[in-house]
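In: Predicted model and sequence follow; I will ask about them next.
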Amino acid sequence: MIPYGRQDITQDDIDGVLEVLTSDFLTQGPRVPAFEDALASHIGAPHAVAVNSATSALHIACLALGLGAGDRLWTSPITFVASANAGLYCGAEVDFVDIDAETFNICPKALAAKLELAEREGTLPKIVVPVDMCGQSCDMAAIRALADQYGFKIIEDASHAIGGRYRDAFVGAHGLADITVFSFHPVKIITTAEGGMAVTNDTDLARKMGYFRSHGVTRDADLMEGDSDGPWYYQQIDLGYNYRMTEMQAALGVTQLQRLDAYVAARAARADRYDAELAGLALDLPGRLEDASSSWHLYVIRLQDAASRRPVFEGLRAAGLGVNVHYIPVHLQPHYRRMGFNPGDFPVAEDYYSRAISIPLYATMSDEQQAEVISAIKAEVAA
């Protein structure tokens, strides 16, 4: 079966991990800061904090920005549940903003309208989490302008988007978000098996995320209360978590990062071929934001007839394609339905979900494999 995504592990990756296994450190050694420095340098961000998952990165980003009980976090309904769950972990209320029909990202116009109403009702969010769906940046300039107007903080969930660009900068380095989060799950652009990273321009936020990932413990004398007892001394200065990345994960990240640009270029070439060869079918193809360059984590087609989605999906699976659907709208999950969300609350997101299929796209995909995907889609979808 041709999967919708897959990792690429080379001998360099294996050698890097094996070197850790025979070293003095399996955790809390030199590879984690080396990976943080390499990623920060590559994309041009001042600070990077590595953790064991992008979910953990979202959580510590919320904590660093002071999200808590009585606060509100807004995000997209078309995302993995972690984007919203991070707000619940902090005791905040969670709400959603409908998406743009072409980019699948938060719609700035919908956000502006919801903010105007929230200001009148006294229910403005403390944090908005725009999600770079499929690897394409949100319209961050528009969202930043709204943040400046209404006073909320921005955590850009770029779990799909490492290596993507917004305007002239890499995602994570344009300075329009307070914190940006990346994922290194195996199907993402680069992998550390599991793992995540939070990047920021703010030294204080980076310091806070650093101790939140490690039990709230610090050895930084500047952050301690009172004097140190000696070189062994540490203090728990806040309630933190065990979200640390291992040395083995970081070693894999260092070698994977060296191929990031090549991976993104290969994915973009595959996306261009899909654009060309699937045009003319009864499909809606992904829209492209003028100011952005996607990293193409996913390529999502939308059937023009929602009733045909299941038979087409099953037909593609039967043809040996590991197609998938990203995502079921978060507000329709039972846990969120129990909070009062209902079908019809976010109609653009729900329409997207009713028609969406993610088709195979990964950096090492061959011309022959992509031709097989295209042929199968043409056999299932009428022109």
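Out: Everything's here; your move. Numbering: from 1, shown residues only.
In: I figured residue 12 was touching residue 255, is that so?
Out: Yes. The criterion here is Cβ atoms under 8 Å, and residue 12 meets it with residue 255 at 4.7 Å. (Glycine included, C-beta is placed from N, CA and C.)
In: In terms of neighbours, single out the busier of these two.
Out: residue 255 (20 against 14; other Cβ atoms under 10 Å).
In: any idea how far residue 183 is from the residue most central in space within the chain?
Out: Central residue of the chain (Cα atoms, centre = their mean): residue 159, 1.6 Å from the mean position. Separation of residue 159 from residue 183 (Cβ to Cβ, to the nearest Å) stands at 4 Å.
In: next one: residue 296
Out: 15 Å.
In: Now do the contacts for the closest residue to residue 305 other than its chain neighbours.
Out: Spatial nearest neighbour of residue 305, excluding adjacent residues (Cβ to Cβ, 6 or more residues apart in numbering): residue 282 at 6.9 Å. Counting by Cβ atoms under 8 Å, 6 or more residues apart in numbering, residue 282 makes contact with 303, 304, 305, 381, 382, 383.
In: Looking at neighbours, which among these is most surrounded?
Out: Neighbour counts for the contacts of residue 282 (other Cβ under 10 Å) peak at residue 303, which has 22 neighbours.
In: Quick check, that one in contact with residue 353.
Out: No. If you go by Cβ under 8 Å, residue 303 and residue 353 don't touch, sitting 11.6 Å apart.
In: Helix, strand or coil: sort out residue 38 for me.
Out: Secondary structure, DSSP: H, G, I helix; E, B strand; the rest coil: residue 38 is helix.
In: got the contact list for it?
Out: Taking Cβ under 8 Å, 6+ apart, we find residue 38 in contact with 253, 254, 257.
In: can you rerun that using 7 Å?
Out: Counting by Cβ atoms under 7 Å, 6 or more residues apart in numbering, residue 38 makes contact with 254, 257.
In: Repeat that for the one 4 residues further on.
Out: Listed by Cβ under 7 Å, 6+ apart, the contact partners of residue 42 are 257, 260.
In: Quick one: the helices in the protein, in order.
Out: 11-21, 31-43, 54-64, 82-89, 108-121, 140-150, 203-212, 247-257, 260-278, 309-318, 334-337, 347-355, 367-380 (DSSP state H).
In: In the stretch 1-150 of the chain, where is pLDDT below threshold?
Out: Of all residues in the stretch 1-150 of the chain, none has pLDDT under 70.
In: for stretch 256-265, the distance to its chain's centre please.
Out: A distance of 17 Å separates the centroid of the chain from that of stretch 256-265, by Cα atoms, centre = their mean, to the nearest Å.
In: C-alpha coordinates for it, CSV please?
Out: What follows is stretch 256-265, C-alpha atoms only, in CSV (Å, rounded to 0.1, in the frame of the first residue of the first chain):
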residue,chain,number,x,y,z
GLN,A,256,17.0,14.9,9.7
LEU,A,257,17.2,18.7,9.8
GLN,A,258,20.1,18.6,7.4
ARG,A,259,17.6,17.3,4.7
LEU,A,260,14.7,19.6,5.6
ASP,A,261,15.0,21.9,2.6
ALA,A,262,15.4,18.9,0.2
TYR,A,263,12.3,17.3,1.7
VAL,A,264,10.2,20.4,1.3
ALA,A,265,11.3,20.9,-2.3
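In: tell me the average confidence for it?
Out: Averaged across stretch 256-265, the pLDDT comes to 98.
In: Please apply the same query to stretch 166-173.
Out: For stretch 166-173, mean pLDDT is 96.
In: just how off-centre is that stretch within its chain?
Out: 15 Å.
In: which residues sit against that stretch?
Out: Against stretch 166-173 from outside (Cβ under 7 Å, 6+ apart): 43-45, 132, 137, 140, 158, 161-162, 164-165, 174, 180, 182, 199, 291-292.
In: And stretch 13-26, by the same measure?
Out: 29, 31, 246, 247, 248, 251, 252, 254, 255, 256.
In: again, only this time at 10 Å
Out: Outside stretch 13-26, the residues that touch it by Cβ atoms under 10 Å, 6 or more residues apart in numbering are 7, 9-10, 27, 29-32, 191-193, 246-256, 258-259.
In: Report the buried members of those.
Out: 7, 29, 31-32, 191-193, 246-256, 259 (16 or more other Cβ atoms under 10 Å).
In: Span of stretch 342-359 from start to end?
Out: 28 Å (Cα to Cα, to the nearest Å).
In: List the buried residues for that stretch?
Out: Result for stretch 342-359 [16+ other Cβ under 10 Å]: buried residues 345, 346, 348, 349, 350, 352, 353, 355, 356, 357, 358, 359.
In: Common neighbours of residue 159 and residue 183, please.
Out: With Cβ under 10 Å, 6+ apart as the test, residue 159 and residue 183 both reach 53, 54, 55, 57, 58, 80, 82, 189, 196, 297.
In: Rebuild those residues as CSV, extending it with distance to residue 121.
Out: Shown next, in CSV, are these (distance: Cβ to Cβ, whole Å):
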residue, distance to residue 121
53, 35
54, 32
55, 30
57, 31
58, 26
80, 29
82, 28
189, 40
196, 34
297, 36
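In: thinking again about what came up before, need the pLDDT of the residue nearest to residue 305.
Out: 96.
In: Any chance of the backbone angles for it?
Out: Backbone geometry at residue 282, expressed as degrees, to the nearest 10, gives phi -80, psi 60.
In: distance of it from residue 307?
Out: With Cβ to Cβ as the criterion, residue 282 and residue 307 are 12 Å apart.
In: How about residue 169?
Out: Note on residue 169: its distance to residue 307, by Cβ to Cβ, is 42 Å.
In: Name the residue in the two with the higher neighbour count.
Out: The neighbour count for residue 169 versus residue 307, taken as other Cβ under 10 Å, is higher for residue 169 (16 against 9).
In: Residue 43 against residue 201, yeah?
Out: No. Judged on Cβ atoms under 10 Å, residue 43 makes no contact with residue 201 at a distance of 11.7 Å.
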